[in-house]
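# Fold the following.
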Amino acid sequence: MYKEAEKITIQESNLSTATKKEYDFRLGLFYRFSPIKSDKELIDCPTDELQAILVDYTRHLIKRVNNDELSANTVPKMFRGIKWLLNSNYRENDIKWKPIEALFPKSVKRSGYKAWTTEQIALMLENTSDLRNKAVIHFQASTGGRVGVHDHPLLMKHLTMMEWNGHGCYAVLLYADEDETVEEKDQRDKQDDVQGGNSYWSFLTPEATDYLDRYFDERKRKNEVFTKDTPIFLKDEVRQNLGSRQLSDTNVTSIIYRIINDVPELKRKKKGRRYDVQMNHGFRKRTNTILKLESEVNSNIAEKILGHKNGLDGVYLAPTRQQCFEEFVKGISQLTISDSQRQKITIRNLEKEKSDYEDGSKIKKLEKRIEDLEYGKEGRAAEYAKSMLHAKSDLGKLFNTVVTLVIEGIWPEEKKRKFMKEIKMSRLENREINLAAYDPDYDEEEEKKHRHKYALKLIEQLEKQNNIPNNDEPWIKRPKIDMNRLMKELTA
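Numbering: from 1, shown residues only. Here you go, the predicted model:
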């Protein structure tokens, strides 16, 4: 006989650290109000009694909303921990939630819709002398990391350097597992059949990278030894003995609060129970706006850089670190805080562009793009569409289709492009196509044999179509193809 199953707790679950904290906090508020005082009592409470207690608790929360002590939007969140605990302990059908949810107040329009401006972030940096705090602000402004990102492992093995126009930019792996490395993430992203996990790539601007390096140098001067498991940001020395050495989300919020509280220009306006700019999320809104309004940035990859998982692309699109970085760099200028740094980046980019033109690499890229459009796959598809449009009969359309299949199916790419160029030149010069012009090794007899062999295969398939009985409605006639005539056209 099995003994009764032990209670499943929030702490042993696979929920994220931030979610565990939230559930524990909201359960604590419930226990403070109700006669139930622990998780065990909640799980064991008789159904009818628990239903009545939950209804009373809902009415208590509504009173707090009416007294402007609680946001109406927070009420549903107060029950998440309770629901999880009951569902995980085989009581998912015991409580009738619809009567409780019917009491919930209507949700209200959220405040906190504004982003920190570049000028405001510059003021934050001016009003702190601590190098770590400056690096933290740059980190938030560049990555736009969610609230809670600092409660996940953020270690040196989650950093790697990227290069852009002579600048160094850190790539940082956010929401990584403690044992996950840059190399493992790269490997997973290259495999189509492997899920990438919850971690995602974000990046630091050259300016933010510089401040982070200066912060690392300061720590090394104090004889700190860096390993792959060293936290990127450290707590104050006094607090390092209290569990983790890594700076937590609460610590980051406290740092930013102390800075903005001392600067009148950074004072936020309170709307209801919230401020017009959220302390941490204001950085994320700025990054989100810059990347999405920058027209050249691929919007789907911008979503990935911000850790969004919306729609099918959110599930199936798995860009590599390099692909994400190539889109991120398009927003670097606007993400940079310092005017002088932005000017340096602009000058460096102009010098790079000038150098590209001088050594011809830029011109060569443009020439290649033009050739791809004119004579590559896109150009040939356009030529095929044009010839189909001007074909005077069904047989002409069929002939165009077969010739296109022969060319695309057999010829190498270089020969296809030469052929397209010869077609365009023959039209301009009003002459017949010179077959030897696109193939110096052209042998008319050999080519005819080759075309004849390929045509026979096509004819065989078309004859099968002719012999298929017409099972459609009787007034619909299947077009018959004159095989002898087609054969002459193809092998001429």
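# Look up how far residue 260 lies from residue 267.
Separation of residue 267 from residue 260 (Cβ to Cβ, to the nearest Å): 8 Å. (Glycine included, C-beta is placed from N, CA and C.)
# Which residue lies nearest the spatial centre of this structure?
residue 304 (1.0 Å; Cα atoms, centre = their mean).
# Pull the distance from the helix or strand hosting that residue to the chain's centre.
Using DSSP states H and E, residue 304 maps to helix 299-305. With Cα atoms, centre = their mean, to the nearest Å as the basis, helix 299-305 stands 3 Å off its chain's centre.
# which outside residues touch it?
Contact partners of helix 299-305, identified using Cβ atoms under 8 Å, 6 or more residues apart in numbering, comprise 200-203, 291-292, 310, 313-314, 317, 319, 323-324, 327-328.
# Rounded mean pLDDT for that helix, please.
Helix 299-305 shows a mean pLDDT of 87.
# Mind listing what's buried along that helix?
300, 301, 302, 303, 304, 305 (16 or more other Cβ atoms under 10 Å).
# And these, which is closest to residue 86?
Distance to residue 86 across the buried residues of helix 299-305 (Cβ to Cβ) is lowest for residue 303, with 34.5 Å.
# Residue 399: neighbour count?
Per other Cβ atoms under 10 Å, the neighbour tally for residue 399 reads 16.
# same thing with residue 210?
18.
# Could you report the distance from it to residue 336?
The gap separating residue 210 from residue 336 is 11 Å, by Cβ to Cβ.
# now swap in residue 410 and tell me
In terms of Cβ to Cβ, residue 410 sits 53 Å off from residue 336.
# Between the two, which is the more surrounded one?
The neighbour comparison of residue 410 against residue 336 (other Cβ under 10 Å) goes to residue 336, with 23 against 12.
# From residue 80, how far off is that one?
39 Å.
# from the buried residues of helix 299-305, which single one is nearest residue 392?
Distances from residue 392 to the buried residues of helix 299-305, taken as Cβ to Cβ, are shortest for residue 300 (44.2 Å).
# residues near the closest residue to residue 416 other than its chain neighbours, how many?
The shortest distance from residue 416 to any non-neighbouring residue, by Cβ to Cβ, 6 or more residues apart in numbering, is to residue 407 (6.1 Å). Per other Cβ under 10 Å, the neighbour tally for residue 407 reads 15.
# which SS class is residue 407?
helix (DSSP: H, G, I helix; E, B strand; the rest coil).
# Now do the contacts for it.
Residue 407 touches 380, 416, 419, counting by Cβ under 8 Å, 6+ apart.
# Check the second one and give its pLDDT.
Right, the one you point to is residue 416. Note on residue 416: pLDDT of 80.
# Report the buried members of the contacts of helix 299-305.
Among the contacts of helix 299-305, those classed as buried by 16+ other Cβ under 10 Å are 200, 201, 202, 203, 291, 313, 319, 323, 324, 327, 328.
# In strands only, show me these.
200, 201, 202, 203 (DSSP state E).
# List the pairing partners of the longest strand seen in the chain within its sheet, with orientation.
As assigned by DSSP E, the longest strand anywhere in the chain is strand 167-174. With DSSP bridges as the test, strand 167-174 is paired with strand 159-164 (antiparallel), strand 200-203 (antiparallel).
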